[in-house]
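In: Show me the folded form of this:
(chains A and B)
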Number of protein chains: 2
Amino acid sequence: MADIVSALGELDLGRRLLTSPAELAAFGSDALTAFHQRALAVVVVETVEEVVATVRLCHREGVPFVARGSGTSLSGGSLPVEGGIVIALNRLNRVLSIDPDTRTAVVEPGVINLHVSAAAAPYGLAYAPDPSSQSVCSIGGNLAFNSGGAHCLKHGMTSNHVIGLKVVLPDGELVELGGESTEPVGPDWVGMFVGSEGLFGIAVEVTVRLVTLAEATRTSLAVFDSLQAAGDAVARIVRAGLLPVAMEIMDALAMEAAEASVKPGYPKAAALLIVELEGEREVVDADALRLDELLREAGAGELTATEDPDARALIWKGRKSAFSAVGWLAPDYIVQDGVVPRTRLGEALAEIGRMSAETGIRVANVFHAGDGNLHPLILFDGREPGAIERAERLAGDILRLCVELGGSITGEHGVGVEKRAYLKLMFSEDDLELMRRVRLAVDPGELANRGKMLEPAPAVA
Amino acid sequence: MADIVSALGELDLGRRLLTSPAELAAFGSDALTAFHQRALAVVVVETVEEVVATVRLCHREGVPFVARGSGTSLSGGSLPVEGGIVIALNRLNRVLSIDPDTRTAVVEPGVINLHVSAAAAPYGLAYAPDPSSQSVCSIGGNLAFNSGGAHCLKHGMTSNHVIGLKVVLPDGELVELGGESTEPVGPDWVGMFVGSEGLFGIAVEVTVRLVTLAEATRTSLAVFDSLQAAGDAVARIVRAGLLPVAMEIMDALAMEAAEASVKPGYPKAAALLIVELEGEREVVDADALRLDELLREAGAGELTATEDPDARALIWKGRKSAFSAVGWLAPDYIVQDGVVPRTRLGEALAEIGRMSAETGIRVANVFHAGDGNLHPLILFDGREPGAIERAERLAGDILRLCVELGGSITGEHGVGVEKRAYLKLMFSEDDLELMRRVRLAVDPGELANRGKMLEPAPAVA
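Out: Numbering: from 1, shown residues only, chains lettered A, B, ... in the order given. Sure, this is the predicted structure:
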């Protein structure tokens, strides 16, 4: 095992080859802090050539590796692989080009999500996918996990915005997938790579689509006396044919947490629905009238709306900080990421409420209501004996509920190490066998992020 | 080889197992009529179970097979494989369900493209991808070739509209890929299947997204005194931030052909640009003003627009019949399907004009201008010695030009047998090796549509 470390020494990385226990500890977890793993070494790359050289050495020595950006994965996606190497991509963080004519940008994987939009703003353009962690998470991680965000309701997930990739395959070969054309030749290899959780190699150059900044944006807050009523309002809006750019629901506990942390000034209620409309002036005005009407029909109480950028920013700051804000309410939490069909949202929420009451475990609900993506935050105190196990059991029950309702175990956080065991709830043995065969075709040694999403083959594990 | 035919006899298909030379001859070509191949047998399936049983027998006997819908492929995609079986899917042609709440439909692969929209119309919904052959081509073929169409400029290709699949893999296993959730788990397996030209098996159930019918639709005709001027107008429209649902260009020769055949009453000019706007009433009205302004700035001559459904239908009938209509101008033609970046459209058209003049071969141009997808129709008389070779040489030169300009060898017709040799213009040996490895992972015996898109491995070929 020390062979790989001495081999990496030949790359002359100097202080960018980390091997001391203190340095390695900093890379031992990602945002799913319940899991820890010590890597043999961390390589802080600065060029594509260094990625290729590192992967080639790992391939030669049969050593697994994981690429890491900002380490914000909520499913353990960037957790080190035991006895493996971490390839840190944070310094590959340049926006290489922006083309306003084709509305595309070419970026390196370590670029922070929000920096792409910042670079595109002078052209009246933006990068649409907006995970709550967008001020810190990197594009490489976004594409490994096909990240979403509040505004993906209208614009779609990361997979709808990545059109071309340069990828270092697990054997160190550099390939180009996709490109600027919207009309690809053959299978969608880019789509196969996006969401693959690092199993197919490391993207070193990413071509993304940019969207035009909207002429008008209007954010509404509507309060409801139950989560179910808020959920039903969402179904009503969709059925009416409106397509808001975002529809988010927070329950009382989540609002309380947000209030304690960033003070967004939300009204007090059992449930808050945030609906954002964007588009041309006339459309937003016409849709706003229809939206207010639908919200009232659905039983909304207090109903306010704003187009003021600062007021809107505060609303979103409250929503996007909700995960971290629950730290004000309990020492520990597990965030889940289940999906249910939009039409069964009310039912799912009622059942989660019942589970919470039955177990006595507090659950704060924050979710992308428009696409049925739930983020129940299960609160607990890790110092109480058995508390984490009880919380994990409830988390599992919620995922099973999502699948039973015709949904999914993950909307945007990925399977990682955390939900691997739940894949069987959704996929048949034949489905999983197909995935394994494709994985092995690309990476016979299962070196790239071994053990994430798919169980490694017995011989390798 | 006769083994497979007698094995198929055990399936008790009666008159649905075709083996006579006359019957097989009818399946010997698709719409790329220059290629012919005789299958050992044609199986006309009526159930998913029959597809599974047929594929299992092929797998057991090591016999290649190709699925065939309406046989409208322009790249030889549904050409029989030598010594293989054709699985005809035309009778698997039911729309299984339409769900207006989730705006999805589940259909069988043999359903005609236009029949999906017809079934969805009572709900105010439609299936967006609209190949010119939409009144005869089937959904299964559409997804194998990731078909586009005039209206894919706004709505995207087939891959943007297929969300779930039931697939019979090349070993006869039935797997489910994707589903109704917009937030898939892991890689986009559906995306890998769409556009794979039959190499990964046979889709037997397809879940597609439906779009809402627009409130207003306005179709403009603008004439220009050169193709280049029409192409530049398109770039100007896109740069201004308008997103028409379709932008199509036809040259004088293509218009002459359309006029001779379906008489759409197009104005006479060097180039015709068709631009269609659709959306809410207010948006279409506002965009129409801006569009007319942009077209005039770009040098448009005669400029007309209509919202009348019959007039619009005639405009599109002219455009969509252009391929077959060139039969009025020459006994034979090759249609190409190259793509160039939209910003280099004018340049590409000028160069194709120069090539046509230099070789003395007439080329009619019809294309999806909005996404840079060219369809040069190369006219010739196959009875003249050397004519087809000269036409093919010009076709190849046009594809090389497209790649040199940063584009692609195919926009929507696929690689098939016809453009296999040109893949190397676009992909490195490492890129192709990745594709081959994935293909072999799914189909080690290369039974599914062997020899299409990718060269078979030497041992198999």
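
In: Just the closest residue of the stretch 101-250 of chain A to chain B, please.
Out: With Cβ to the nearest Cβ, the shortest gap between the stretch 101-250 of chain A and chain B falls at A:Gly191, namely 3.0 Å. Glycine gets a C-beta too; all of them are placed from N, C-alpha and C.

In: Number of residues surrounding that residue?
Out: By other Cβ atoms under 10 Å in any protein chain shown, the residues close to A:Gly191 number 27.

In: Around A:Ala222, how many other residues sit close by?
Out: 28.

In: Just the element for it, please.
Out: Of the helices and strands defined by DSSP states H and E, A:Ala222 is found in strand A:216-224.

In: What's opposite A:Glu248 in the beta bridge?
Out: On DSSP bridges, the residues paired with A:Glu248 through beta bridges are A:Ile274, A:His368.

In: repeat for A:Val107
Out: Counting by DSSP bridges, A:Val107 is bridged to A:Val95, A:Val206.

In: doesn't A:Ile98 make contact with it?
Out: No: with contact defined as Cβ atoms under 8 Å, A:Val107 does not reach A:Ile98; the gap is 9.1 Å.

In: Shouldn't A:Gly346 be within a helix?
Out: Yes: applying DSSP: H, G, I helix; E, B strand; the rest coil, one finds A:Gly346 inside a helix.

In: My read is that it contacts A:Arg236, right?
Out: No: A:Gly346 is not in contact with A:Arg236 according to Cβ under 8 Å; the separation is 10.8 Å.

In: burial count for A:Gly382?
Out: Here the number of neighbours of A:Gly382 (other Cβ under 10 Å) works out to 13.

In: Report the contact partners of it.
Out: For A:Gly382, the contact set (Cβ atoms under 8 Å, 6 or more residues apart in numbering or on different chains) comprises A:331-332, A:388.

In: And the buried ones among those, selectable in ChimeraX?
Out: Here is the ChimeraX command that selects the buried residues among these (16 or more other Cβ atoms under 10 Å in any protein chain shown):
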select /A:332,388
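
In: could you pull out the strands for the stretch 201-350 of chain A?
Out: Taking DSSP state E, counting those that start in this stretch as the test, the strands found in the stretch 201-350 of chain A are A:202-209, A:211-212, A:216-224, A:246-251, A:271-279, A:303-306, A:332-335.

In: So the residue nearest to the residue of the stretch 101-250 of chain A closest to chain B when sequence neighbours are not counted: helix, strand or coil?
Out: Counting by Cβ to Cβ, 6 or more residues apart in numbering or on different chains, B:Gly191 is the residue found nearest to A:Gly191 once chain neighbours are left out, at 3.0 Å. B:Gly191 falls in the helix class when you classify it by three-state DSSP.

In: Run through the residues that contact B:Gly191.
Out: B:Gly191 is in contact with A:159, A:187-188, A:190-192, B:159, counting by Cβ under 8 Å, 6+ apart.

In: Try it again at 7 Å.
Out: Residues in contact with B:Gly191 (Cβ atoms under 7 Å, 6 or more residues apart in numbering or on different chains) are A:188, A:191-192, B:159.

In: pretty sure A:Ser356 contacts A:Val363?
Out: Yes: contact criterion Cβ atoms under 7 Å: A:Ser356 and A:Val363 qualify, at 4.3 Å.

In: Give me the more crowded residue out of the two.
Out: With other Cβ under 10 Å as the criterion, A:Ser356 and A:Val363 differ in neighbour count, and A:Val363 comes out ahead with 24 against 20.

In: Give the bridge partners for the more buried one, please.
Out: Beta-bridge partners recorded for A:Val363 (DSSP bridges): A:Ile378.

In: Can you tell me how far it is from A:Asp251?
Out: From A:Val363 over to A:Asp251 the distance is 8 Å, taken as Cβ to Cβ, to the nearest Å.

In: do A:Glu278 as well
Out: Distance from A:Glu278 to A:Asp251, counting by Cβ to Cβ: 25 Å.

In: What lies in contact with stretch A:344-360?
Out: A:227-228, A:231-232, A:234-235, A:340, A:362-363, A:365, A:369, A:372, A:374, A:376, A:390, A:394, A:397-398, A:401-402, A:405-406.

In: Looking at these, which are in helices?
Out: Among the contacts of stretch A:344-360, the members falling in helices (DSSP state H) are A:227-228, A:231-232, A:234-235, A:390, A:394, A:397-398, A:401-402.

In: show me the residues around the closest residue to A:Arg16 other than its chain neighbours that make contact.
Out: Excluding its sequence neighbours, the residue lying closest to A:Arg16 (Cβ to Cβ, 6+ apart) is A:Val44, at 4.1 Å. Contact partners of A:Val44, counting by Cβ under 7 Å, 6+ apart, are A:16, A:18, A:88, A:91.

In: at 8 Å what do you get?
Out: When contacts are counted by Cβ under 8 Å, 6+ apart, A:Val44 is found next to A:13, A:16-18, A:88, A:90-91.

In: what do you get for A:Leu434?
Out: B:169, B:173, B:175, B:189, B:442.

In: So the second one sits against A:Asp430, correct?
Out: The one in question is B:Glu173. Yes: using Cβ under 8 Å, B:Glu173 and A:Asp430 qualify as a contacting pair, with a distance of 4.6 Å.

In: out of the two, which sits in the more crowded spot?
Out: For the pair B:Glu173 and A:Asp430, the greater number of neighbours falls to B:Glu173 (19 against 13), based on other Cβ under 10 Å.

In: tell me the contacts of the residue nearest the centre of chain A?
Out: Geometric centre of chain A, nearest residue: A:Ser147, 3.6 Å, by Cα atoms, centre = their mean. A:Ser147 sits next to A:113, A:129, A:131, A:137, A:141, A:157-158, A:412 when contact means Cβ under 8 Å, 6+ apart.

In: who touches both of A:Ser356 and A:Val363?
Out: Common neighbours of A:Ser356 and A:Val363 are listed as A:Leu394 (criterion: Cβ under 8 Å, 6+ apart).

In: thinking again about what came up before, which one of A:Gly346 and A:Arg236 has more residues nearby?
Out: When neighbours are counted by other Cβ under 10 Å, A:Gly346 and A:Arg236 differ, and A:Gly346 comes out ahead with 20 against 15.

In: quick one: that one from A:Phe224, how far?
Out: The value you get for A:Gly346 to A:Phe224, if Cβ to Cβ is used, is 11 Å.

In: Could you do A:Val66 as well?
Out: Going from A:Val66 to A:Phe224 by Cβ to Cβ gives 43 Å.

In: neighbour-wise, which of the two wins?
Out: Neighbours were counted for A:Val66 and for A:Phe224 using other Cβ under 10 Å; A:Val66 has more, 28 against 23.

In: so the more buried one, which of the three states?
Out: Recorded secondary structure, A:Val66: strand (three-state DSSP).

In: Report the two of the ones in helices among the contacts of stretch A:344-360 separated the most.
Out: Distance extremes for those: the farthest pair is A:Ala235 and A:Arg390 at 32.2 Å, using Cβ to Cβ.

In: So between these two, which is more surrounded?
Out: Neighbour tally, A:Ala235 and A:Arg390, criterion other Cβ under 10 Å: the higher count belongs to A:Ala235, 20 against 15.

In: Return the residues in contact with the more buried one.
Out: A:Ala235 touches A:342-343, A:345-346, B:101, counting by Cβ under 8 Å, 6+ apart.

In: Return a selection command, for use in ChimeraX, containing the buried ones of the residues you listed.
Out: Here is the ChimeraX selection string for the buried members of the contacts of A:Ala235, based on 16+ other Cβ under 10 Å:
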select /A:342,343,345,346
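
In: Can you add pLDDT and distance to B:Gly124 and give the contacts of A:Ala235 back as a markdown table?
Out: Supplementary listing: the contacts of A:Ala235 in a markdown table, determined by pLDDT from 0 to 100; distance: Cβ to Cβ, whole Å:
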| residue | pLDDT | distance to B:Gly124 |
| --- | --- | --- |
| A:Arg342 | 82 | 18 |
| A:Thr343 | 81 | 18 |
| A:Leu345 | 86 | 23 |
| A:Gly346 | 84 | 24 |
| B:Asp101 | 83 | 13 |
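
In: Thank you, goodbye.
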